[in-house]
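Dropping a prediction and its sequence here:
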Amino acid sequence: MNSNRYKQFGAALALALVLAQSTFAGLATPSGIAKVTVPGGVGRTEFFGMPFARPVEFSGTISAVSTSGGNATFTVALDAGQSGIPALNSASQNVDAWYVLEILDGPAIGFLLPCTGNSGDTSITVEGDTGTISVPAGTKFAIRKEWTLSTLFGAASTTNKFGYGNSSSATTINGWVQVYNVATGTIISYYVNEAGTTSKRYNWRSSTSTTDRNHVPLRLGRGMILVNRKSSDLDIPVSGEYRVARTRLSVPVNKLSFVANPGPTDVTFEDSTIPATSPTRATGNPSSTSGDTWQVWNPVTRTFTSYRVGGTSNANGPSMYSLANARVNPTIPAFKAIGVKPAGTTGNAVVTIAPKI
């Protein structure tokens, strides 16, 4: 990529992106800086998908994998010269200690699996698994810190782009970050809270709690919701390392999850390989409930448009259908997220979405 290359995106999330030249190594060497704009309008809602990752903290190889209760445990060896892995079972949403394991090569390349625990430097347990995709001995992995409210959107302060106030509805609040809970199907809103009188303190908090939540994890590869509470545009700076591989996620079936477009450019369903890699195709009329449902948010109408993968192949074009049975190839804008609800009743499904290379 060319140094100081500038590109403007005119989609629902207006963007200004600068990619700095760097040598490709692993899956996320190029660095990127972007300005994400949520257009003005009180209550304007966008499903945000961050394509940039935080730096690699540890790396090594996997020698074996086992699965229990839908969660995988990897037997690992760190690369030479690295210090020991810290505890990966953080439970505090006020400490920057949340981690994700990324698989860097082999058949399972691109998997992003949240870390839930470890046994020193020899094994790592994650949330989810790789399904039927094998992880051969010698597969390379990296461990990164997950994004959090403070690391992605800035520390709570009077200069934070989201504004601040003594409640989530204060007139000085410019916007909210909303995190969707896949397990419960509920949304939690976070804002920059101002507490105290003469000696004021600032922290990220949820709209329903007085507990500080500066480091709520914002999972890599997943989507979140940004809400503008002003008539003017809400401009948010973001930066990090640009991943160049597809994203693979292990998500619960029959539950809605939000998946981030993994690249800083628009991508169609066909480009992103969704028609070819969606876990379950619809049988018969795609408007039936037999296949995975993919959903794209329309911020103007404040509604989702739903799609399914139909047929048994991608012959004659991408087999993506609207529920009106029209064959289509929707676009997923840069820095956006889409919904996916894999068909099934229990367990996990592997969903993938590729960047436009």
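Looks like it arrived, so ask away.

ok, residues contacting the helix or strand where Val351 lies?
Using DSSP states H and E, Val351 falls within strand 348-353. Residues from elsewhere that reach strand 348-353 (CB atoms under 8 Å, 6 or more residues apart in numbering): 70, 110, 128-133, 246-253, 257, 259-262, 267, 272-274, 277-280, 292, 332, 338, 340, 342. Using the backbone N, CA and C atoms, a C-beta is placed for each residue, glycine as well.

Among the residues you listed, which ones are in strands?
Among the contacts of strand 348-353, the ones falling in strands (DSSP state E) are 247-252, 257, 259-260, 267, 332, 338, 340.

What segments of the protein are helices?
149-153, 274-277 (DSSP state H).

I'd like the ones in strands among the contacts of strand 348-353 laid out as a markdown table, including neighbour count and pLDDT.
Converted to a markdown table, the ones in strands among the contacts of strand 348-353 look like this (neighbours: other CB atoms under 10 Å; pLDDT from 0 to 100):
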| residue | neighbour count | pLDDT |
| --- | --- | --- |
| Thr247 | 25 | 96 |
| Arg248 | 25 | 97 |
| Leu249 | 24 | 98 |
| Ser250 | 24 | 98 |
| Val251 | 20 | 97 |
| Pro252 | 18 | 97 |
| Ser257 | 22 | 98 |
| Val259 | 24 | 97 |
| Ala260 | 25 | 97 |
| Val267 | 22 | 95 |
| Ile332 | 27 | 95 |
| Ile338 | 25 | 97 |
| Val340 | 23 | 97 |
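
Tally up the residues packed near the residue nearest to Glu102 when sequence neighbours are not counted, please.
The shortest distance from Glu102 to any residue other than its chain neighbours is 4.9 Å, reached at Ala142 (CB to CB, 6 or more residues apart in numbering). Neighbour count of Ala142, defined by other CB atoms under 10 Å: 20.

what pairs with Ala142 across the strands?
Counting by DSSP bridges, Ala142 forms beta bridges with Ser59, Glu102.

measure it to Ser209 for me?
33 Å (CB to CB, to the nearest Å).

what does Asp233 give?
Here Asp233 is placed at a distance of 29 Å from Ser209 (CB to CB).

Show the low-confidence segments of the stretch 151-300 of the chain, by residue range.
The stretch 151-300 of the chain contains residues with pLDDT under 70 at 283-289.

The same query, at a cut-off of 90, please.
197-198, 242-245, 275-276, 280-291, 300 (pLDDT under 90).

Just the pLDDT at Gln21, thanks.
Listed pLDDT for Gln21 reads 34.

list the contacts for the nearest residue to Gly128 once chain neighbours are set aside?
Nearest non-adjacent residue to Gly128, counting by CB to CB, 6+ apart: Ser250, 2.8 Å away. Counting by CB under 8 Å, 6+ apart, Ser250 makes contact with 70, 111, 113, 127-131, 348-350.

Can you tell me which of the residues you listed lies closest to Ile173?
Ile173 lies nearest to Glu127 out of the contacts of Ser250, by CB to CB, at 31.8 Å.

count of residues packed around the closest one?
Considering only other CB under 10 Å, Glu127 is surrounded by 17 other residues.

which ones are touching it?
Glu127 neighbours (CB under 8 Å, 6+ apart): 71, 113-116, 250.

buried subset of the residues you listed?
Neighbour counting over these (16 or more other CB atoms under 10 Å) leaves 71, 113-116, 250 as the buried ones.

Which residue lies nearest the spatial centre of the chain?
Geometric centre of the chain, nearest residue: Arg222, 2.0 Å, by CA atoms, centre = their mean.

For beta bridges, what are the partners of that one?
Val259.

who touches it in this structure?
Per CB under 8 Å, 6+ apart, neighbours of Arg222: 49, 249, 257-260, 337.

One more: Gly347?
For Gly347, counting by CB under 8 Å, 6+ apart, the contacting residues are 70, 252-253.

how many other residues sit next to Thr171?
Other residues lying near Thr171 total 9 when counted by other CB under 10 Å.

same question, Gly196
9.

how close does it get to Met50?
Distance of Gly196 to Met50, given as CB to CB: 32 Å.

can you tell me how far the most far-flung residue of the chain relative to its centre sits from Leu78?
Computed with CA atoms, centre = their mean, the residue of the chain farthest from its C-alpha average is Thr198, at 38.9 Å. Thr198 sits 49 Å away from Leu78, going by CB to CB.

Rebuild the contacts of Gly347 as TSV, extending it with distance to Arg327.
Below are those laid out as TSV (distance: CB to CB, whole Å):
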residue	distance to Arg327
Gly70	34
Pro252	29
Val253	25
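
Pick the one among the residues you listed closest to Ile103.
Using CB to CB, Gly70 comes nearest to Ile103 of the contacts of Gly347, at 17.3 Å.
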